[in-house]
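# Next come a sequence and a model predicted from it.
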Amino acid sequence: MKRKLVTIAASVLAVLLCSSFSAFAQMPKVSLNLQKVPARQLLKAIEEKSDYTFAYVDSELDLDKIVSVKADNKDVATILSDVWPGIKVTMNGRQLVLNYPAIQQTQAQNQSEDVSPFRRVSGVVTDDSGDPVAGAVVMQKGTRNATLTNSAGYYALDSIEGQATISVSCLGYKSRDVAISDKQSECNIRIEQELIALDDVVVVGYATMKKRDLVGSVDAVGSEVVGNRANSNLLRSLQGEIPGLNITINDSKPSHEGSYNVRGETSIGAGGDALVLIDGVEGSLSSVNPQDVESISVLKDASSAAVYGARGAFGVILVTTKAAQKGRPVINYSGSFNINRRTVIPDGITDPNEWLDWWKAAYIGSYNSSRTLLDNLDGKAPYSEDIYNEIMRRKNDPSLAKVVRSTAISGFGYAYLDSHDWMKEFYNDWHGSTEHNLSVSGGNENADYYISGRYYDSDGVFRVGNEKYRKINMRAKGTLKIRPWLKLTNNMSVSSDWSHIPRTANGQSPYRYIQHCLQPMTPLKNPDGTWTPASGTSGYAAFVEGNNYIENDYIYLRNKIALDASLIKDVLKLQADYSYNYTGRTRVLVQNMVAYSKEPGIILYESEKYGDGLTETTYRTDYQSANIYATWTPKLGEKHSLTTLLGYNVEWRTYKTTTDNKVGFITNKPSFALMEGEATITSGGNEWSYVGAFFRVNYSFLSRYLLEVSGRYDGSSKFPINSRWGFFPSASIGWRISDEPWMRWSRNVLDNAKIRLSAGSMGNGNVSPYKYTSTMSIKKASDIVIDGSLPSYTSVASLVPSSLTWETASTYDAGIDIDMFKNRFSATFDYYIRNTTNMYTTGVTLPPVFGASAPKGNYAEMLTRGWELSLQYRDQFQMGGKPFKYSIKGTLWDSRSFITKYDGNDGNSLGTISDIIEGNPQYYVGMELGELWGYEIEGLFRDYEDIANHATQDFLQARDAVTRPGQVKVADRDGSNFIDYGNLTLADHGDFLIVGNKSPRYRYGVNMSASWNGIGLSVFIQGVGKRDWYPGNDASYFWGKYDRPFLYFLPKIHAMNLPTVCQLSEDGSECLNADTAYWPRIAGYQSAGYAGKRYVLEIPNTRYIQNAAYMRLKNVQIDYTFGQNVCKAIGVSGLKLFVNGENLFAITPMWKWAPNIDPETAGSGDSDYNDVIDGNSYPMLKTVTLGVNLKF
């Protein structure tokens, strides 16, 4: 039903727009009252009353003719036909071309008879790469005889007499004059692009501004950044492109967007990401078709984002989609096929005998020989020395059976003797994805339209389970000129995301169970066709049977209708808009028991305690906003410039969710109607609203001294009545030093030098609704029966803070912009401080006997400091008679955040040991966010004498709490002769210290491009200069059997005979390579606590913390654009072929000891499986794309 809604909505809108455009594409109308004036004055009056100019040959018209005209909303063609009977008025873009057909016909006849000197001159305007330039103004110099080039770059000028000069101009290109001879009738003209334009227009809040006039911190990129990138969503294409925009991509799952913030940590309380506005409408970057994007602006400081108020406290991302190209319809198609492969393919030991040797050593080592070896492998397979020897025999004779009947081990009827690489069973070597984009655009000065569609389809990394992802985007936008001074715009987008994700029968993460439940000697199936225990418990059987899965279905509908009224041309403009957003999501979770067998005739069921079940959750969000704002730009002469913006904004949102759950399938069809168990229904939701009035004043004197003052008065329903409103001002100044008279000496080199300073505050209203209201939850008892039914009960009412108000983010920014060498070189640097106060956190801890948790309130403050640097150089030169253009741009930025106030931790506690292990210590005053606490490791113990001479640390070691040679040696930093972490406070933290910081530092991007003769090359490198990662206790791709002896995955880097693994003497009394080994003696449960105990490798330490800095070849593209001769021959106006590579190569020091983990996936899980275990994530992918762009 939802897909039908998407299709119908988009189709109806497209038809309405197209029909409307045809109806309104008519001659402009004006009202005039002129008495006895020259005809040339009439033309001037019409130009002033409309947005049109006239083009004509002076000799054809009697411009001195005295006329009187009285017209009331009369079309221009009718008015002029009364003045010059027989005149023809032709609309050509923003021009009205006037001519007499009879004269043109006579001229053509005379030209054919070589009698008249008048002739037509035509040709094609191209850029320096040979591509056609549409919309260029072509004019006979010294006259008003002009026209515009069409989408193919073609132009035609009539009534050319004798020798003449043809002048061509176009925004973004250098103007050019070309002289033609008196006989010349064809003139093809090539124009050059400007290198960098200081007058580039940048989208800012509710307006656009010239780049040279910006005084806030704003960065922008164009469509070239996201074009042809093989990414499922826009955010992935922006990573590393804009300084200060921190994008974290933890995997390549197509349905995952990633996370982002502007200028570092935002708030430890209410939180808050940058506000995303798509054509002025709030939305998600994942819902935007990258091919629709025209530009993206990031407003980073309070000055630039102030007009957005509470929603933009931590930056604003403005996405502007492509506008219509006026003229005949232009059709663009792009298609691509992508080949995807994992960036890191874990390299593990699959030889069953080597695997069993490690298992035996790890299990015995974990108990220091206090326990005998088990007769089974975690219940998945039997084990004995006979089985070990039989496996060895099969390595020498592969013809022997891999599964044999055996009852030697209780509970098993088979002996498994295989040698099996389970990773290859689960994962594809590669998988494909495709993308198709189609857009059509056209119109004239009265109406225009842009309609686009995208289809993206991708398989998944799993070989089994039918993982799929589909995305559909549609957009239709257009503008109607109702009156010369009034425009109506509508912009509608619809997108749909659908994914099918296989899951295990017990609902656990497949990544974890692939590592934990698959021993290499176990095959897929038993001889009787039943699944083996490894297949049944790991999720493999559930994947193959296809009846355990998650389906997510999203639909996004966005529509904005706007009016733009030019009340006083170029002076006063009034704009108003209304937006409606609908976001719907359905999440279906299907769970079925999976049968497997350990012995013939006996069937077991994975997930038996959970049973079969169906859960369907629906989410619905309705968002509405309305804006009205006026822009006043008075004419103050050449020295002064003033622009004033004044507006009003209102937003309101409702959110509802319902979850239906039922157990007990009757058939294999997942339907509530075909289930027999008990059903449960839960629901929830909230609503909120914002109201704000805002202003902005921009003033410049001599375009040299710049001032901007802005502010917003905000109100939010999320706060109590007495603290619901707040006023948040900002101001910024700029000084263009390069324009000072005393800097004239530098103008041959220095084109622009501007200093910027800004300061301002913004409210953050990101708290959840109703936090100022005391609530009582209602639950149903499960173990009490009253009158035959389970009663409902409630708990103690939640406490509310004594006061609750806005978090406030105050930002101070200093920056400098420099352009040199005729704008070939540019540099931008910013330093900023952001102080976030009144953060919404827990206050003073209450005693347990109180019976309720402490309320949250405005109890904390945080300081963030950072800087951003951007350098760019671009130029071109002639090579082989054709321009060779090249560009290189580098960005580097950093930020750090510190807690400056925290009322909820007066004792300066570091938290619990679990908080430390999970990398989330308790906040305290002076803390730097991201810090990791742990032990300093001095090395490995060589022998028992070494142990005796060291501080006691037995409680950190194996199950019997006895330290042995080859285990890690913890530094006794406090000299107590006993290793501990004290009371875990700042005053008493024993031997603990800060061992690292997990926050990324020194993010960077390098973008290089070159083009020549239709050939293009671009290379983008992205990375992080500093980041520490400590592997979590179940990060099996790192720890292997140091985690758990039964783990299937055993990294090859842990091979027992490697010199980097501790080699024990025959009696185990000495680690022979203690000085050179990296890995300790072989023992399990060293990185995973057991029965409440915490072991040494589980706690962050200086030895095994990893340097997760990296540099990645994020994207490289080679393309070829065919010339116009080829395009004409095949019936298109543009053709480009390209090959694109994404994530092809990376360098990281982490791969020395953690070669099985991509540095970007380290530290993350997978939200689809509610899995937060370190490293258990969807893999990062490298992609090769073959694509084509066509233009008609």
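The structure has been received and is ready for your questions.

# check contacts around K889.
K889 is in contact with S870, L871, Q872, Y873, V1006, N1007, M1008, counting by CB atoms under 8 Å, 6 or more residues apart in numbering. Yep, even glycine has a C-beta here, placed from its N, CA and C like the rest.

# which of the residues you listed are buried?
S870, L871, Q872, Y873, V1006, N1007 (16 or more other CB atoms under 10 Å).

# okay but the fourth one is in contact with I888, surely?
Yes - proximity of Y873 to I888 meets the contact threshold set by CB atoms under 8 Å, at 5.6 Å.

# so V276 makes contact with G315?
No - contact between V276 and G315 fails when scored by CB under 8 Å: they sit 9.8 Å apart.

# ok, what's across the strand from S336?
With DSSP bridges as the criterion, S336 is bridged to E435, G1187.

# That one contacts N1189, correct?
No - using CB under 8 Å, S336 makes no contact with N1189, being 9.4 Å away.

# And for the closest residue to G153 other than its chain neighbours, the neighbour number?
Once flanking residues are discounted, G153 sits nearest to P132: 2.9 Å by CB to CB, 6 or more residues apart in numbering. Using other CB atoms under 10 Å, the number of residues around P132 comes to 20.

# Could you do K380 as well?
Counted with other CB under 10 Å, residues neighbouring K380 total 25.

# ditto for S384
Look at S384: counted by other CB under 10 Å, it has 15 neighbours.

# isn't it right up against L374?
No - judged on CB under 8 Å, S384 makes no contact with L374 at a distance of 10.4 Å.

# Among the contacts of K889, which lie within strands?
S870, L871, Q872, Y873, V1006, N1007, M1008 (DSSP state E).

# Enumerate the beta-bridge partners assigned to the fourth one.
Just to be clear, that refers to Y873. Beta-bridge partners of Y873, counted by DSSP bridges, are F825, I888.

# ok, back up a step: who does the residue nearest to G153 form a beta bridge with?
In this entry, P132 is beta-bridged to T126, by DSSP bridges.

# Who are the contact partners of it?
P132 makes contact with V124, V125, T126, T149, S151, A152, G153, Y154, Q1124, S1133, G1134, according to CB under 8 Å, 6+ apart.

# Against I166, how distant is it?
Separation of P132 from I166 (CB to CB, to the nearest Å) stands at 17 Å.

# And the strands in the stretch 451-600 of the chain?
Assigned by DSSP state E, counting those that start in this stretch, the strands in the stretch 451-600 of the chain fall at 468-483, 486-502, 549-568, 572-591, 594-599.

# could those be laid out in CSV, adding mean pLDDT, distance to G763 and mean neighbour count?
Listed next are these as CSV, based on pLDDT from 0 to 100; distance: least, CB to CB, whole Å; neighbours: other CB atoms under 10 Å:
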stretch, mean pLDDT, distance to G763, mean neighbour count
strand 468-483, 95, 32, 21
strand 486-502, 95, 28, 21
strand 549-568, 95, 25, 18
strand 572-591, 95, 22, 18
strand 594-599, 93, 52, 20
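
# who wins for proximity to T350 among those strands?
Of all these, the one in closest proximity to T350, counting by CB to CB, is strand 594-599 (21.6 Å).

# by contact count, what packs against the closest one?
helix 533-538, helix 540-545, strand 602-606 (3 or more CB pairs under 8 Å, 6 or more residues apart in numbering; DSSP states H and E).

# Please state the offset of that strand from the chain centre?
44 Å (CA atoms, centre = their mean, to the nearest Å).

# What average pLDDT does stretch 695-714 get?
Stretch 695-714 comes out with an average pLDDT of 94.

# I should have written stretch 1131-1140 there, sorry.
93.

# Buried residues of that stretch, list them for me.
Neighbour-count burial for stretch 1131-1140 flags V1132, S1133, G1134, L1135, K1136, F1138, N1140 (criterion: 16+ other CB under 10 Å).
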